[in-house]
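A.B. asks: Structure of the sequence below:
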Amino acid sequence: MTVVTNVRGKVIACVDGHVSSPPKRRKMTATIIPEKGQKLHEIEVPGSYAKLEGLDLLKSLAKRIRR
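C.D. replies: Numbers count the residues shown, from 1 in each chain. All right, here's what the predicted structure looks like:
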């Protein structure tokens, strides 16, 4: 997954797939461009995350990001 954090390190968005992958190998049809102060994090997550929604997903992703 690609996760976006704000200047404070809070998860503000996520998308399935890695932005840095070659376009043909991405699962995405669009790309993410972070705003000033935002960071992209490419992380591997277990398949069980596919069942999570909303805040539960964001909280679980936040635990996997190295700060």
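A.B. asks: Spit out the contact partners of residue 4.
C.D. replies: Contact analysis of residue 4 by CB atoms under 8 Å, 6 or more residues apart in numbering lists 11-14, 32, 34, 38-41. To be clear about C-beta, it is placed using only N, CA and C from the backbone, and glycine gets the same treatment.
A.B. asks: Which member of these is positioned nearest residue 52?
C.D. replies: Nearest to residue 52 among the contacts of residue 4: residue 14, at 10.5 Å, using CB to CB.
A.B. asks: Now do the same for the closest one: helix, strand or coil?
C.D. replies: Here residue 14 is recorded as strand under DSSP: H, G, I helix; E, B strand; the rest coil.
A.B. asks: ok, which stretches of the protein are strands?
C.D. replies: 2-5, 11-15, 39-42 (DSSP state E).
A.B. asks: so which of those strands is the most packed in?
C.D. replies: strand 2-5 (a mean of 20; mean count of other CB atoms under 10 Å).
A.B. asks: what are the C-alpha coordinates of it, in PDB please?
C.D. replies: Output in PDB follows, covering the C-alpha atoms of strand 2-5 (Å, rounded to 0.1, in the frame of the first residue of the first chain):
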ATOM      1  CA  THR A   2       1.000   3.600  -0.400                       C
ATOM      2  CA  VAL A   3       0.200   5.700   2.600                       C
ATOM      3  CA  VAL A   4       0.200   9.500   2.800                       C
ATOM      4  CA  THR A   5       1.000  11.300   6.100                       C
END
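A.B. asks: Sheet-wise, list the partners of it with their directions.
C.D. replies: Applying DSSP bridges, strand 2-5 is found paired with strand 11-15 (antiparallel), strand 39-42 (antiparallel).
A.B. asks: can you tell me which of those the model trusts least?
C.D. replies: When the strands paired with strand 2-5 are compared on average pLDDT, strand 11-15 comes out lowest at a mean of 88.
A.B. asks: still on that earlier bit, and which of the contacts of residue 4 is nearest residue 57?
C.D. replies: Distance to residue 57, by CB to CB, is smallest for residue 14 among the contacts of residue 4, at 7.0 Å.
A.B. asks: Does the closest residue to the closest one other than its chain neighbours have any beta-bridge partners, and if so which?
C.D. replies: Excluding its sequence neighbours, the residue lying closest to residue 14 (CB to CB, 6 or more residues apart in numbering) is residue 3, at 4.7 Å. Beta-bridge partners recorded for residue 3 (DSSP bridges): residue 14, residue 41.
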